[in-house]
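Student: give the three-dimensional model of this entry:
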Amino acid sequence: MARNLDLLTAREVAGKLAAGRHSDGGGLYLNVTVAGSKSWAFFYKRDGKRTEMGLGPLDNVPLKTARQMAADARELLGQGRDPLDERKAAQRAKEEAQQAREAEAAKETFGVFALRLLKGYTETDERGRARRVPGIIEGNRNAKHRQQWENTLVEYAAPIWKMKLDEIGTDDILRCLAPIWTTKAETAARVRGRIEKVLAAAIAKSLRPGPNPALLRGHLDALLPKRQKLQRGHHPALPWHQMPKFWLELSALVSISAICLRYTILTSARSGEARGARWNEIDFAKRTWTVPAERMKAGREHVVPLSEAAMAVLEEAAKLRQTNDEDELVFPTSRDRKQLSDMALSMCLRGVQPGITVHGFRSSFRDWAGDATPHAREIVEQALAHTIGGVEGAYRRGTAIEKRRGLMTDWAAFVTANRGDNVVSLGRAAS
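Tutor: Alright, predicted model coming up:
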């Protein structure tokens, strides 16, 4: 015989009801006290005994949820199982899982947990089902950045690497940060943030208590000396009007690092993009260099028009090729044919012009284009592979490549002019 269900309306449940027990059907009741508080209860018979199972206050359990909970309880009864016994069993399982997590925390070290968190791991839920938890760096497109996460923690979090998660305190974090806080400010900031994230994950998984000892604001900032703000994006750069003189000195060097540095400057590329260039990315007929998306900071393919000067640098590099493999690096190390390190270009630059950075030449190019040429801003930004949108983004299609070819040709003409104090006169606009 079918039961009458859903007897109460949402308006009745939310409104004023007389004190007592109000049936919704199927064993579900809304209990109302004299004071007006409301709570749900499910009544059922088991072995001839009438039993009440509380489902929670109305404030926490809305009508729809209460009905679903009652339906679940009726299903258990239909299977010959007692809803209260099942609830108690679930609570015991939850408590046992918590105890297991606490036992795990008692033996798991920061280093073990950090590597699992970074690279991903498999865990089992309360029902015994296995699921894979992705690593927190898996979404990072740049393989170098993914590796830096691990490298910085291994090196700078060494004082806490083998410590148990629930034993790490503020003094331990200070032992990691104090030696580099003022001498390596940017690195220290990254290390602190990464330690904070690892410990936050440990707190979220109940592997250690809060609060997080790696928090900066209102915590570590009261214990560590103040330091200068990070100068992100502001790399020491050579003033653009000094580029021709600098080029003369750089052109006298014949090392593969110097050749790569000249190519980097002429293409206004990032160091990693130039050092990772391969011959199959160069189209000699179209005089373009196509950098694949996976090697670009923005994760999008970038086509660079090559000036005559840039093509000449490639011809110089081609004379050093040892194979005809199109996948070969354009600027490999001479000993093992591997990719040049960022330090190799930095050391080459240091020998010619100390105090500036390779990345700074992008700033030199940007300042030159803005101060001394009529080239449109959006074309310059696209040459630097900066992400732009709206109307400016439209320049990524159509004739943008030829507009940028004119820009890069003018840049090469200025850089290679061999006059330290002259500005190349540009007779045409390239908007």
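
Student: excluding chain neighbours, what is closest to Thr187?
Tutor: Ile180 (5.9 Å; CB to CB, 6 or more residues apart in numbering). In short, each C-beta sits where N, CA and C put it, glycine included.

Student: and the helix or strand hosting Thr65, average pLDDT?
Tutor: Using DSSP states H and E, Thr65 falls within helix 63-78. Per-residue pLDDT over helix 63-78 has a mean of 93.

Student: if we can go back for a sec, and the residue nearest to Thr187, how far from Arg192?
Tutor: Distance, Ile180 to Arg192, by CB to CB, to the nearest Å: 10 Å.

Student: between these two, which has more neighbouring residues?
Tutor: Between Ile180 and Arg192, counted using other CB atoms under 10 Å, the more crowded position is Arg192 (22 against 17).

Student: quick one: contacts for Ser307?
Tutor: Leu266, Arg405, Met408, Thr409, Trp411, Ala412, Ala413 (CB atoms under 8 Å, 6 or more residues apart in numbering).

Student: now with 6 Å, please.
Tutor: Met408, Thr409, Ala412 (CB atoms under 6 Å, 6 or more residues apart in numbering).

Student: next one: Arg362
Tutor: Ser268, Leu384.

Student: give me the element it is part of.
Tutor: Per DSSP H and E: helix 360-372 holds Arg362.

Student: in whatever helix or strand comes next after that helix, which residues are buried?
Tutor: Later in the chain than helix 360-372, the nearest helix or strand by DSSP H and E is helix 377-383. Across helix 377-383, burial judged by 16 or more other CB atoms under 10 Å covers Glu378, Ile379, Val380, Glu381, Gln382, Ala383.

Student: quick check, nearest of those residues to Lys197?
Tutor: Lys197 has its nearest neighbour among the buried residues of helix 377-383 in Glu381, at 32.1 Å by CB to CB.

Student: mind checking pLDDT for the closest one?
Tutor: 91.

Student: still on that earlier bit, quick one, phi/psi of the residue nearest to Thr187?
Tutor: Ile180 has phi and psi values of phi -120, psi 0 when expressed as degrees, to the nearest 10.

Student: from Ala285, how far out is it?
Tutor: Ile180 is 50 Å from Ala285, by CB to CB.

Student: do Asp85 as well
Tutor: 78 Å.

Student: list the buried residues of stretch 402-410.
Tutor: For stretch 402-410, using 16+ other CB under 10 Å, the buried residues are Lys403, Arg404, Arg405, Gly406, Leu407, Met408, Thr409, Asp410.

Student: helix/strand/coil for the last one?
Tutor: So the one you mean is Asp410. Here Asp410 is recorded as helix under DSSP: H, G, I helix; E, B strand; the rest coil.

Student: tell me if Gly135 really is in a helix.
Tutor: No. Under three-state DSSP, Gly135 sits outside any helix and is assigned coil.

Student: what's around the residue nearest to Asp24 when sequence neighbours are not counted, how many residues?
Tutor: Excluding the flanking residues, the one nearest Asp24 by CB to CB, 6+ apart is Leu8, at 4.6 Å. For Leu8, the number of neighbouring residues by other CB under 10 Å comes to 18.

Student: what about Leu8, distance to Ala66?
Tutor: Distance, Leu8 to Ala66, using CB to CB: 10 Å.

Student: do Ala318 as well
Tutor: Distance from Ala318 to Ala66, by CB to CB: 76 Å.

Student: higher neighbour count, the two?
Tutor: Neighbours around Ala318 and Ala66, counted as other CB under 10 Å, are more numerous at Ala66. The numbers are 23 against 12.

Student: I'd say the more buried one and Trp40 touch.
Tutor: Yes. Ala66 lies in contact with Trp40 (CB atoms under 6 Å); the separation is 4.4 Å.

Student: any common contacting residues for those two?
Tutor: With contacts defined as CB under 6 Å, 6+ apart, the residues shared by Ala66 and Trp40 are Leu55.

Student: from the middle of its chain, how far away would stretch 38-48 be?
Tutor: 51 Å (CA atoms, centre = their mean, to the nearest Å).

Student: output that stretch as CSV, nothing but the C-alphas.
Tutor: Output of stretch 38-48 as CSV, limited to C-alpha atoms (Å, rounded to 0.1, in the frame of the first residue of the first chain):
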residue,chain,number,x,y,z
LYS,A,38,12.0,23.3,14.3
SER,A,39,13.8,20.1,13.7
TRP,A,40,13.4,17.0,11.6
ALA,A,41,12.9,13.4,12.8
PHE,A,42,12.4,10.1,11.0
PHE,A,43,10.2,7.4,12.8
TYR,A,44,10.4,3.7,11.9
LYS,A,45,9.7,0.3,13.4
ARG,A,46,12.4,-2.2,13.7
ASP,A,47,11.8,-5.7,15.4
GLY,A,48,8.5,-4.4,16.6
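
Student: distance from the chain centre to the helix holding Thr65, please.
Tutor: Distance of helix 63-78 from the chain centroid (CA atoms, centre = their mean) equals 43 Å.

Student: and that helix, what's buried?
Tutor: The neighbour-count check on helix 63-78 (16+ other CB under 10 Å) flags Leu63, Ala66, Arg67, Met69, Ala70, Ala73, Arg74, Leu76, Leu77 as buried.

Student: could you do stretch 5-22 as well?
Tutor: Neighbour-count burial for stretch 5-22 flags Leu8, Val13, His22 (criterion: 16+ other CB under 10 Å).
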